[in-house]
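> Need coordinates for the below:
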Amino acid sequence: MSWLGDMIAQETRNVAPAPVAVTFRWFYENGFLPQNEEQWKVTSRPKSKRFIENYLLKRFGEAMLPDLDKFALQTYLNELAPNFSKSVLTKIRVYFSRFSKRPWNWNSSARIRSQSSRCRARARK
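Alright, predicted model coming up:
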């Protein structure tokens with residue numbers, strides 16, 4: 001094994017591999033949060049995390065990522081609409097869409113490539 005391979009193996013020996021099918025909570029804690037938390041303002045981090053935990057993780061935390069779609073979101077928003085402001089509902093939709101733009105099947109780079117090529121093809125039209 002090369003020097004770099006040895007170093008990578010040493011640094012990642014205690015890191016658990018991503019499960020084949022992950023829950024929304026697992027993805028939030030192990031994928032979304034580490035990648036996005038540093039981009040949020042220091043003062044807004046606790047509020048953003050609390051909002052996601054209260055409105056998205058409580059409802060969808062144990063759901064498998066492939067099972068989450070626009071229909072699940074819209075059903076949830078319809079339930080909340082009578083009791084919450086439009087700004088809260090919009091914020092839920094925005095955060096949900098940020099999660100749904102992530103490649104959920106991390107082992108499928110072909111799926112990601114095909115999605116990006118479809119986007120480029122649409123942009124050319």
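
> give the contact list for the residue sitting nearest the centre point of the chain.
Among the residues of the chain, the one closest to the centroid is F99, at 3.1 Å (Cα atoms, centre = their mean). Contacts for F99 (Cβ atoms under 8 Å, 6 or more residues apart in numbering) come out as F24, F27, Y28, F32, L56, L68. The C-beta positions use only the backbone N, C-alpha and C, and glycine is treated the same way.

> quick one: K49 from L56, how far?
Look at K49 and L56: by Cβ to Cβ, to the nearest Å, they are 11 Å apart.

> Then N83?
In this view, N83 and L56 are 17 Å apart by Cβ to Cβ.

> And for V42?
According to Cβ to Cβ, V42 stands 22 Å off from L56.

> between the two, who's got more neighbours?
Between V42 and L56, L56 has the larger neighbour count (other Cβ atoms under 10 Å), namely 20 against 7.

> Quick check: chain neighbours aside, which residue is closest to A63?
F24 (5.2 Å; Cβ to Cβ, 6 or more residues apart in numbering).
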